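Engineer: Everything below, folded, please.
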Amino acid sequence: MKQAAQSIKPWQLGVFLAPAVLVYSLFSALPLLDTLRLGFLQAGDTGPSHFVGLDNFKTILLDPGWSEAFWNAMWNNTRFFIIHMLVQNPIGLLLATLFSLKGLRFEKSYRTLIFLPTLLSVVIIGFIWQLILSPLWGVGEKLMGFVGLADQFAPFLGQPETALTTLALVSVWQYVGIPMMLIYAALLAVPEEIVEAAHAEGASAMRIFWSIKLPLIYPTLGLVTILTFVGNFNAFDLIYSVKGAMAGPNYATDILGTLFYRTFFGYQAQIGSPHMGAAVATLMFLVILAGVGLYFFAVQRRLTRYAL
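Structural biologist: Down below sits the predicted model:
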């Protein structure tokens, strides 16, 4: 093996890496760099675009006409992420723990059914839940009536106070299978010898989970957290498929993705601006970069000691 590794020449390594580097450069690195470049330009009245420095970013962050929309989208995106962290990931941990128990009947069928919504198109998911929650022809009121909550039914998607939370819960329902499967795989990787030794010492199943299994899957929980963060701050499709680019009612479901779409491409009376849209996209990138950097420098280092 060592002789084979030493026999690989630099040009051979370059040949193998060239396709991946080419695809990454064309479809990731170059578009990102061009987006950053556009964010520092502004279109002239009659001539070509010219360099304006940080003016576009100052306008988005400080100008009353732009900052209100940006900070509203930023706050809604943060709420969207918090709901996923407080609902989706704990449910995924609970389901993964249940499915990792020995002797559970129909465990494979349950896992498949819970993971199945992840494979469906977001457009289909949005349409189904609009039908379910519709006050006119939906079945949501009847379903809530089965548990005695029919009086609590309301047009959840049509009220500014509940629209974003409702869409976040729909997203949780669709994607809870992803953290469940990641955590489930981590729980299966816990050495059985450690668990058996704890049983021999008289530890209960709950004590084994909290003191042995949970610390050993901390790295996986950290991975689930950062994937949730990146996915939520890149979210767009569910909001757009249900509420459109205006993200109503009254921008109550507006997040950074829909704000970028309206700013870059324009929508209805709003004229699109590639330069301002690129500035919004750059701010989105910086928010995600800051979150990922904080995770790797402040959290990941502490979790490495728990790695299996």
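
Engineer: pLDDT score assigned to the closest residue to residue 273 other than its chain neighbours?
Structural biologist: Leaving aside its chain neighbours, residue 273 sits nearest to residue 263 (6.3 Å; criterion: C-beta to C-beta, 6 or more residues apart in numbering). Glycine gets a C-beta too; all of them are placed from N, C-alpha and C. pLDDT for residue 263: 95.

Engineer: which SS class is residue 263?
Structural biologist: Residue 263 falls in the helix class when you classify it by DSSP: H, G, I helix; E, B strand; the rest coil.

Engineer: OK, contacts around it?
Structural biologist: Residues near residue 263 by C-beta atoms under 8 Å, 6 or more residues apart in numbering: 270, 272, 273, 276, 277, 280.

Engineer: Buried among those? Need that as a selection in ChimeraX.
Structural biologist: Typed into ChimeraX, the line below selects the buried ones among the contacts of residue 263, using 16 or more other C-beta atoms under 10 Å:
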select :273,276,277,280
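
Engineer: Let's see which of the contacts of residue 263 end up in strands.
Structural biologist: residue 270 (DSSP state E).

Engineer: Which of the contacts of residue 263 sits closest to residue 99?
Structural biologist: Lowest distance from residue 99 to the contacts of residue 263 (C-beta to C-beta) belongs to residue 280, with 40.7 Å.

Engineer: For stretch 35-53, give me every contacting residue.
Structural biologist: 54-57, 273-275, 277-279, 281-282, 285.

Engineer: where exactly do the strands run in the stretch 151-300 of the chain?
Structural biologist: 266-267, 270-271 (DSSP state E, counting those that start in this stretch).

Engineer: taking the mean pLDDT, what do you get for the last one?
Structural biologist: Across strand 270-271, pLDDT averages out at 82.

Engineer: What strands flank it, and is each parallel or antiparallel?
Structural biologist: On the basis of DSSP bridges, the sheet neighbours of strand 270-271 come out as strand 266-267 (antiparallel).

Engineer: distance between the partner strand and the chain's centre?
Structural biologist: Distance, stretch centre to chain centre, for strand 266-267: 25 Å (C-alpha atoms, centre = their mean, to the nearest Å).

Engineer: going forward, begin numbering at 35 instead of 1
Structural biologist: Noted, 35 is the first residue going forward, which turns the last one into strand 300-301.

Engineer: For it, the averaged confidence score.
Structural biologist: Strand 300-301 comes out at a mean pLDDT of 88.

Engineer: what's the nearest residue to residue 280 if we skip its chain neighbours?
Structural biologist: residue 301 (6.8 Å).

Engineer: residues in contact with the one you found?
Structural biologist: Residue 301 neighbours (C-beta under 8 Å, 6+ apart): 279, 280, 295.

Engineer: Using PyMOL, define a selection of the buried residues within the contacts of stretch 69-87.
Structural biologist: Here is the PyMOL selection string for the buried members of those, based on 16+ other C-beta under 10 Å:
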select buried, resi 90+91+307+308+309+311+312+313+315+316+319
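
Engineer: I'd like the contacts of stretch 69-87 as TSV, with distance to residue 173 appended.
Structural biologist: Conversion of these to TSV gives the following (distance: C-beta to C-beta, whole Å):
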residue	distance to residue 173
88	52
89	52
90	47
91	47
307	43
308	44
309	46
311	39
312	44
313	44
315	39
316	44
319	41
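
Engineer: Show me the contacts of stretch 69-87 that map onto helices.
Structural biologist: Mapping those onto helices (DSSP state H) picks out 89, 90, 91, 308, 309, 311, 312, 313, 315, 316, 319.

Engineer: pretty sure the fifth one is touching residue 90, no?
Structural biologist: Yes. The pair residue 309 / residue 90 is scored as a contact, 6.0 Å apart, by C-beta atoms under 8 Å.

Engineer: from what I can see residue 314 touches residue 294, true?
Structural biologist: Yes. Between residue 314 and residue 294 there is a contact at 4.6 Å, judged by C-beta under 8 Å.

Engineer: about what we covered before: among the contacts of residue 297, which one sits closest to residue 134?
Structural biologist: residue 314 (42.3 Å).

Engineer: got a list of what the closest one touches?
Structural biologist: 94, 104, 290, 293, 294, 297, 298.
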